[in-house]
Every structure is written in C-alpha cells, then in structure tokens.
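Visitor: Sequence first, then the predicted structure, then my questions.
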Amino acid sequence: VHIEDCANLVMYNNYIGSDSSSGTSDYGNAGDGIEVDCGTIVIGSNLDSTDDNSEGNLVVANNGYGIYLNGASATSATIHGNFIGSNAQGGQNFTNFGNTLGGVEVNASALTSLTIGDPDSDAINRILENGGGVRVQGTASNSTIAIKNNSIGVENETFPFSDQVVVGNNGDQIKQLVHF
C-alpha cells in the first residue's frame, strides 16, 4: 500500500502481506507493507474509542519495512494497535513472516507529533520477528515523539505484559537518529 499527497489518512483492519487474520500465509510485497507520506496519519485504529484495540492492521512478510512513514509532508502521525511481523494474536509466527528491513521506519523531517504505541495501553503495537523494531530518524527540534506501551521483540497477547517470551527482531529494538 503506497499513499501520498493526502490531507488525512486513517488506515485500520487490513491484512497486508497475508491472506487472512491468522497471518499464516505469505503473500508479502516486494517493497514496504504500508508506505505513507500525507498530512495527518493514523495507522491502526479509527480513534473512535470503540474497540480500538481490535482495529489494528496485520502487516507481515514484506521485503521492505512493515510500516514506512516518509515524513516529508506528514505533520502528525499515530501508529498503534498493529501486528507487525507477528501473528494476529501478537505472538511468534513460526514461519518467519517478519518484515525484512524492519517493523516501523519513520523519516520524521516534517513531523511535529509522532506517537508509536498507545499512551492509554488499549491498542499497543506488537512488533517482532522483523529486520529491526522501530527506527525514527530526521526529527526536527520542535517535534514531540512518544514511543510508549509497545510490545517490541517480546511475544505476548495482553497488556500489562506477563509471561513474556523473548522473540526479538534481527536489528535494534528501538533506534532514534536525531538531526537538527
């Protein structure tokens, strides 16, 4: 999915790279699962406070990133409630359907607000078995960035985390490159 030149985007309840909600069939893309460059971006819920924790996208088996935000024209982005590289329950896929380059990659050059995860714990991202976890680069000095309440590299189905199984990502779990 490649979207650009839009004012507002809300994307939820999609199966990208798999044919079903289980995430056990590999129909991944040659590039990124979701690539977006828009004004205001919400990926993983419609933010209506009704069932937000069950509205996430399943993004697996892509040769690029699971989610790539090119922030050249994006001003605000929220990514929460998604299953990125995991199965649809937030656990290990056992079929290595992670995203090759990484789970979430953000070029935040124009973003003034970036939230990865859910500050209220209702719709966390499950990010595992990818080339890396979360990477944010190119942030401006006036940016507000929150990476909070995610399950990164840890298999789990509930929050708060209990009975965790460490699965990991092949690269960094969280990496931020700041450029002013």
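Guide: Now that the structure is in, tell me what you want to look at.
Visitor: Would you agree residue 82 is in contact with residue 54?
Guide: No: judged on CB atoms under 8 Å, residue 82 makes no contact with residue 54 at a distance of 11.6 Å. From N, CA and C alone the C-beta is placed, and that goes for glycine too.
Visitor: higher neighbour count, these two?
Guide: Comparing residue 82 with residue 54 by other CB atoms under 10 Å, the one with more neighbours is residue 82, at 34 against 12.
Visitor: give me every residue that touches that one.
Guide: Listed by CB atoms under 8 Å, 6 or more residues apart in numbering, the contact set of residue 82 reads 43, 44, 56, 57, 58, 59, 66, 67, 125, 126, 127.
Visitor: Got the confidence number for the first one?
Guide: This points to residue 43. If you check residue 43, the pLDDT there is 94.
Visitor: same thing with the third one?
Guide: At residue 56, the model reports a pLDDT of 90.
Visitor: Tell me how far it lies from residue 143.
Guide: 24 Å (CB to CB, to the nearest Å).
Visitor: Now neighbour count and secondary structure too, for the contacts of residue 82, in JSON lines please.
Guide: Output for the contacts of residue 82, formatted as JSON lines (neighbours: other CB atoms under 10 Å; DSSP: H, G, I helix; E, B strand; the rest coil):
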{"residue": "43", "neighbour count": "27", "secondary structure": "strand"}
{"residue": "44", "neighbour count": "30", "secondary structure": "coil"}
{"residue": "56", "neighbour count": "25", "secondary structure": "coil"}
{"residue": "57", "neighbour count": "26", "secondary structure": "coil"}
{"residue": "58", "neighbour count": "25", "secondary structure": "strand"}
{"residue": "59", "neighbour count": "36", "secondary structure": "strand"}
{"residue": "66", "neighbour count": "34", "secondary structure": "strand"}
{"residue": "67", "neighbour count": "33", "secondary structure": "strand"}
{"residue": "125", "neighbour count": "32", "secondary structure": "coil"}
{"residue": "126", "neighbour count": "27", "secondary structure": "strand"}
{"residue": "127", "neighbour count": "34", "secondary structure": "strand"}
